[in-house]
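A.B. asks: Below is the sequence, then the predicted model.
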Amino acid sequence: QGQLVESGGGLVQTGGSLRLSCAASKSFFSINVMGWYRQAPGKQRELVATITPGGSTDYADSVKGRFTISRDNPKNTVYLQMNSLEPEDTAVYYCTLQGKLTPLVPYYDYWGQGTQVTVSS
C-alpha cells in the first residue's frame, strides 16, 4: 500500500540547517503534487511548500527564501532543505502527496508519520 517514510528531523540551533526527506513506496502507480506541512504545539497544521511533477513550487510566506522543496520523480522522493532556521520553525513536519495506487482510482491524499524539527534559541 501507499506509504511515506520521512527522515531528517532533529535539533538544531537558530540559523542552522536541516534537510528533510520523504520516500514514497514504489506501490504508487502515479504521484501528482508532493508537499510538506507542519504543526506546532497548540497550532493548526499549516502548509509549508508544494511541488508539482514538473517542478513548479509554492511556499508559505514565512519560509520563502529560506526553505527549498525539490523532488526526485524516479525515486518517489521529496525533499525540504531548510536554512536559516528560527525557533518559530519548531514543529512536527509532515510529508504529503496526491497519489494513486492503480490507474482506475482517483488521486487520494497520503501522509507521512511526521518528523520533529526543534530549533533552539
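C.D. replies: Structure received.
A.B. asks: Would you list the phi and psi of Thr75?
C.D. replies: Check again: residue 75 is Lys, not Thr. Listed backbone geometry of Lys75 is phi -100, psi 0, with angles given as degrees, to the nearest 10.
A.B. asks: Spatially, what comes nearest to the spatially most central residue of the chain if we skip its sequence neighbours?
C.D. replies: Computing the C-alpha centroid of the chain and ranking residues by C-alpha atoms, centre = their mean puts Trp36 first, at 2.8 Å. By the measure of C-beta to C-beta, 6 or more residues apart in numbering, the closest residue to Trp36 outside its immediate chain neighbours is Val48, 4.3 Å from it. Any C-beta I mention is one placed from the backbone N, CA and C, and that applies to glycine too.
A.B. asks: how deep is the one you found tucked in, by neighbour count?
C.D. replies: Val48 has 23 neighbours, counted by other C-beta atoms under 10 Å.
A.B. asks: what's the answer for Lys100, then?
C.D. replies: 17.
A.B. asks: separation between the nearest residue to Tyr107 once chain neighbours are set aside and Gly114?
C.D. replies: Taking C-beta to C-beta, 6+ apart, and ignoring the residues beside it in sequence, Tyr107 has Gln98 as its nearest neighbour in space, at 4.3 Å. Using C-beta to C-beta, to the nearest Å, we find Gln98 at a distance of 18 Å from Gly114.
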